[in-house]
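**Student:** With the sequence up front, the predicted model follows.
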Amino acid sequence: MVETYKAFIGGEWVDGAGGGAFPVYNPATDEIFAQVATCTPEDVDKAVKAAAAAAPAWGMMPMSARAKMLLKVSQLIMQNLNEIAALETAEHGAPIRNSAGFQVPQIADFFEYAASISRSLTGETLPIGPWCTSMTVREPVGVVGLITPWNVPALMVAWKLAAALVTGNACIVKPASVTPLTTLRLAALCKEAGIPDGAVNVITGPGSTVGEALVAHPGVARIGFTGDTSTGKRIMSLASGLAKPVGLELGGKNAMLVLSDADLEAAVEGAIWGGFFNNGQVCAAASRILVHESLYDEFLQRFVEAAKQIRVGDPMNPETVLGPVPFKEHRDKVESYIASAKAEGAKLVLGGERPTTPETQKGYYLAPTIFADAQNSMTFMQEEIFGPVVGVATFKDDAEAVALANDTSYGLSASVWTKDFKRGLGLARQLQVGTVWLNEHLMIFCEAPWGGCKASGYGKDLSTMVLEEYTTVKHIYMDMNEGPVKPWYGLMK
């Protein structure tokens, strides 16, 4: 059965102005299971007007009242966990063990976290002099556009939407066209929780039309974007004409440094998790594994053997570890990187093909793939693949490890594996990234800021820092003089 979904504007479910719809495929079966309204720039304008109408009252509401509504959203997410998880698995291909066991609970957790930290948002009193009081206050920016990716669709929406809402902004979300359904379901839960009509809007359709119209609309005060670097640069270009601030959480080509004194068992476990979780479709995936030459052969042998145990198959099966990638064109792109790695001389030691089990015949599946003898200059070691493909290379000493890790246009994350924490911390300070893990990879949680540098973008999601992304600082000065004479008046005579 093919279900029909509409956009969500001003608290109402609406068709796109052009009346069209686009299909959503189940990547495990290559079958259409939903039709979603195709919005137009006219719908973007309607959403902006709805958000602008809602923003003043929503922004003036006490922070405590907004926080309670977000707590209600968190509770509703957990009450509907199985439904949301199944929907995410159907549209994205993430194994149900991930969507139900990790991703949906994380969505609820961040709504709860945003509610809890919001009441700590304060300004400052500035010590100017006894004749005045001077202070800063933080206020919502107004109407915010949020453009989110397909790799962990609902979670990426939650990171931005919860923070923008609790700080008093009205939001327009443009989800990825291949995975819009969990975002629409989240909007319904926001309405059920009592968030006023117009404070949450979801427009669906191509980024080249509705996404660009959202960025370029003069009624949108700020853009928050998570996605690939090329799209991020396009958003910067469109926003620059209006001097519009943007927050960009972009791609990564993240290094995992296995030092000479690393615990090999722990490092292999970290490489499996960091390299293949969510099919490698994580901006922080450990796609470049750099191993000290003294450990290289043993690490590689253990890594390959461990990766052979990863079960690829039907994502609705609780035993499945890797499901399909979300759409055919992306599988083709990942396969092109596998071909280039072979052509440039990397040694294929595992995978590189489509699995051939009965349950993987129809979907967009790829086997976990490992290349040995990788060189940092190879294309697949420099460009973000966003798939289950990992390159393993060697280094001679710590200085070379840092140089190789930093030899990329990206700067999102890295990990260092060592038993010597002083050594690890020393290397962490030299790595040009936003996050460094020691003896861990891909550990992201609400309390820690998330964001990178270089081509990985700027701005922060998560932590208390995210509240600054969706507020503006206003300075207020109050003259406390009892008489008419100002301290500066003598300078004017």
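**Tutor:** Sure, I can see it.
**Student:** Distance from the chain centre to stretch 300-307, please.
**Tutor:** Distance of stretch 300-307 from the chain centroid (CA atoms, centre = their mean, to the nearest Å) equals 29 Å.
**Student:** List the buried residues for it?
**Tutor:** 300, 302-304, 306-307 (16 or more other CB atoms under 10 Å). C-betas here are computed from N, CA, C, even on glycine.
**Student:** Stretch 303-320 too?
**Tutor:** Judged by neighbour count using 16+ other CB under 10 Å, the buried positions of stretch 303-320 are 303-304, 306-307, 310, 312-316, 320.
**Student:** Where does the prediction get shaky in the chain?
**Tutor:** Scanning the chain for pLDDT under 70 picks out 484-493.
**Student:** any idea how it splits into domains?
**Tutor:** Split into domains by automatic domain parsing, the chain comes to 3-250+456-476, 255-438.
**Student:** Could you provide those in a markdown table, with additional columns for distance to Pro449?
**Tutor:** Formatted as a markdown table, the domains of the chain follow (distance: least, CB to CB, whole Å):
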| stretch | distance to Pro449 |
| --- | --- |
| domain 3-250+456-476 | 4 |
| domain 255-438 | 8 |
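**Student:** Residue nearest the middle of the protein, spatially speaking?
**Tutor:** The centre of the chain sits closest to Met156, judged by CA atoms, centre = their mean, with a distance of 4.6 Å.
**Student:** what packs against whatever helix or strand it lives in?
**Tutor:** Using DSSP states H and E, Met156 maps to helix 153-166. For helix 153-166, the packing partners by 3 or more CB pairs under 8 Å, 6 or more residues apart in numbering; DSSP states H and E come out as helix 63-79, helix 81-92, helix 104-118, strand 143-147, strand 170-174, helix 181-192, strand 222-226, helix 466-469.
**Student:** And the longest one, what's buried?
**Tutor:** In this case it means helix 63-79. 66-67, 69-74, 76-77.
**Student:** now the third one
**Tutor:** Taking 16+ other CB under 10 Å as the basis for neighbour counts, the residues of helix 104-118 that come out buried are 104-115, 117-118.
**Student:** Could you single out the nearest of the residues you listed to His292?
**Tutor:** His292 lies nearest to Gln106 out of the buried residues of helix 104-118, by CB to CB, at 33.8 Å.
**Student:** Tell me how far the closest one lies from Pro149.
**Tutor:** With distances taken as CB to CB, to the nearest Å, Gln106 is found 15 Å from Pro149.
**Student:** ok, now Gln375?
**Tutor:** Taking CB to CB, one finds Gln375 at 29 Å from Pro149.
**Student:** what do you get for Ser260?
**Tutor:** Distance of Ser260 to Pro149, given as CB to CB: 37 Å.
**Student:** again with Glu31
**Tutor:** Following CB to CB, the distance that separates Glu31 from Pro149 is 23 Å.
**Student:** and stretch 156-175, how far apart are its ends?
**Tutor:** Taking CA to CA, to the nearest Å, stretch 156-175 runs 9 Å from one end to the other.
**Student:** follow-up on the earlier one: higher neighbour count, Gln375 and Pro149?
**Tutor:** Pro149 (21 against 12; other CB atoms under 10 Å).
**Student:** mind listing what the more buried one touches?
**Tutor:** By CB atoms under 8 Å, 6 or more residues apart in numbering, the contact list for Pro149 reads 156, 176, 226-228.
**Student:** let's see it at 7 Å
**Tutor:** Residues in contact with Pro149 (CB atoms under 7 Å, 6 or more residues apart in numbering) are 156, 176, 226-227.
**Student:** now swap in Leu70 and tell me
**Tutor:** Contacts of Leu70 by CB under 7 Å, 6+ apart are 111, 114-115, 162, 165-166.
**Student:** Scan this structure for its longest helix.
**Tutor:** In the chain, taking DSSP state H as the definition, the longest helix is helix 41-60.
**Student:** got the contact list for that helix?
**Tutor:** 7, 9-10, 16-17, 140, 142-143, 168-172, 196-199, 201, 203, 209-210, 213-214, 217, 219-220.
**Student:** Tell me which entries of those lie within strands.
**Tutor:** Secondary structure assignment by DSSP state E places 7, 9, 140, 143, 170-172, 201 of these in strands.
**Student:** And the furthest pair within those?
**Tutor:** Ala7 and Pro140 (23.6 Å).
**Student:** mind listing the strands in the stretch 351-493 of the chain by residue range?
**Tutor:** Ranges of strands in the stretch 351-493 of the chain, per DSSP state E, counting those that start in this stretch, are 369-372, 389-395, 410-411, 413-417, 435-438, 453-454, 457-458, 471-479.
**Student:** quick one on the thing from earlier: ok, of the ones in strands among the contacts of helix 41-60, which one's closest to Leu87?
**Tutor:** Nearest member of those to Leu87, counting by CB to CB, is Ala7, at 16.9 Å.
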